[in-house]
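Novice: Here is the input, now give the coordinates:
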Amino acid sequence: ELARRLMRAGLARHLTSAEVGEGRVGLLIVDGVQERVLKPGTYWFWNLGRKHLVRLVDTRWQAHEVTGQEILTKDRVSLRVNLTAAYRVAHPETAVNSVTDFSEALHRALQLAFRKTLGGLTLDALLADKVSVDAEAAKAVRAEMALIGLEIGEIALKDVILPGDMRDILNRVVEAQKEAEAGVIRRREETNATRSLLNTAKVMADNPVMLRLKELEALESIAGKVERLTVHNGAQGLMSDIARLRD
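Specialist: The predicted model follows:
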């Protein structure tokens, strides 16, 4: 209301306004000197002989991406990784005054920390645990960024990108491993089947009644596959002939 009255009175040219939105703060700088932090709202300043500047700083949680970071693993494999880190400006005055660009400072810290730690891993170790990052590296980044007023949340390794020829080699290795696993399973099943047959043979050798039952089952199976079956010596003779054929 006061601002509108001053404007109606023709004093608008002597006023400077600033709007600080939600999720942000404003750093009030008067004649090049930072004076205070402004919360969300609308502000009016007399500019008679003084220069007012409000620098807006977003204090909400944001994601910072490090894409296409080249890494040479411990076993000399060249690859690229994508990192992401959640962060927010916890202390706006420190963040603005400590470095020229706090976002760029975060970018460099992530690059240096994880180029060193990921480079100490083999490709197999990196692929086996690619959804997590080295705890010591993350701790170092958080400590370094706290000094310039940033709070760091989750740091994640999003993607591991292999060169085309390395992908082909890795696919062949995986295929060979799967074939070897399938061979082991087949041999295990064959061994189990042989063991089962051996156990059955031992049981029938000690039990003539069970042996005769198996012979009848075999005869039934054979009879079901022929159109006409002629028996000359009776059922007993047929069974004896089958037994002799078996021997």
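Novice: Break this structure into its domains for me.
Specialist: 2-58, 62-162, 164-205, 207-247 (automatic domain parsing).
Novice: Just say which of the ones you listed is most tucked in.
Specialist: Highest mean neighbour count among these (mean count of other Cβ atoms under 10 Å): domain 62-162, with a mean of 16. C-betas here are computed from N, CA, C, even on glycine.
Novice: can you tell me the distance between the two ends of that domain?
Specialist: Domain 62-162 has an end-to-end distance of 28 Å (criterion: Cα to Cα, to the nearest Å).
Novice: Report the mean per-residue pLDDT for that domain.
Specialist: Average pLDDT, domain 62-162: 86.
Novice: what separates it from the chain centre, distance-wise?
Specialist: 15 Å (Cα atoms, centre = their mean, to the nearest Å).
Novice: Would you state the helices of the chain in chain order?
Specialist: 2-8, 92-98, 102-118, 123-128, 135-146, 164-205, 208-223, 234-246 (DSSP state H).
Novice: what does the fourth one contact?
Specialist: Surrounding helix 123-128, the residues in contact under the criterion Cβ atoms under 8 Å, 6 or more residues apart in numbering are 73, 75, 77, 79, 118, 160.
Novice: Just the closest of the residues you listed to residue 38, please.
Specialist: Checking those against residue 38 with Cβ to Cβ, the nearest one is residue 118 at 41.5 Å.
Novice: so how far is residue 33 from the closest residue to that closest one other than its chain neighbours?
Specialist: Closest residue to residue 118 apart from its sequence neighbours, by Cβ to Cβ, 6 or more residues apart in numbering: residue 71 at 5.0 Å. Taking Cβ to Cβ, to the nearest Å as the measure, residue 71 falls 45 Å from residue 33.
Novice: ditto for residue 81
Specialist: Taken as Cβ to Cβ, the span from residue 81 to residue 33 is 43 Å.
Novice: Over to residue 92?
Specialist: For residue 92, the distance to residue 33 - Cβ to Cβ - is 16 Å.
Novice: now residue 217
Specialist: 103 Å.
Novice: Can you list phi and psi of residue 119 for me?
Specialist: phi -70, psi -20 (degrees, to the nearest 10).
Novice: hang on, it packs against residue 70?
Specialist: No. In terms of Cβ atoms under 8 Å, residue 119 does not count as a neighbour of residue 70; the distance is 10.1 Å.
Novice: Distance check, the closest residue to residue 138 other than its chain neighbours against residue 127.
Specialist: Spatially, and ignoring its direct neighbours in sequence, residue 138 is nearest to residue 155 (4.8 Å; Cβ to Cβ, 6+ apart). Taking Cβ to Cβ as the measure, residue 155 and residue 127 are separated by 19 Å.
Novice: How about the contacts made by the residue nearest to residue 138?
Specialist: So residue 155 contacts 83, 84, 85, 86, 110, 133, 138, 141 (Cβ under 8 Å, 6+ apart).
Novice: Pairing partners for it in the sheet, please.
Specialist: On the basis of DSSP bridges, residue 155 is bridged to residue 85.
Novice: Residue 154 versus the closest residue to residue 68 other than its chain neighbours, what's the distance?
Specialist: The shortest distance from residue 68 to any non-neighbouring residue, by Cβ to Cβ, 6+ apart, is to residue 80 (5.2 Å). From residue 80 across to residue 154, the span is 21 Å (Cβ to Cβ).
Novice: Before I go, just wanted to say thanks for your time.
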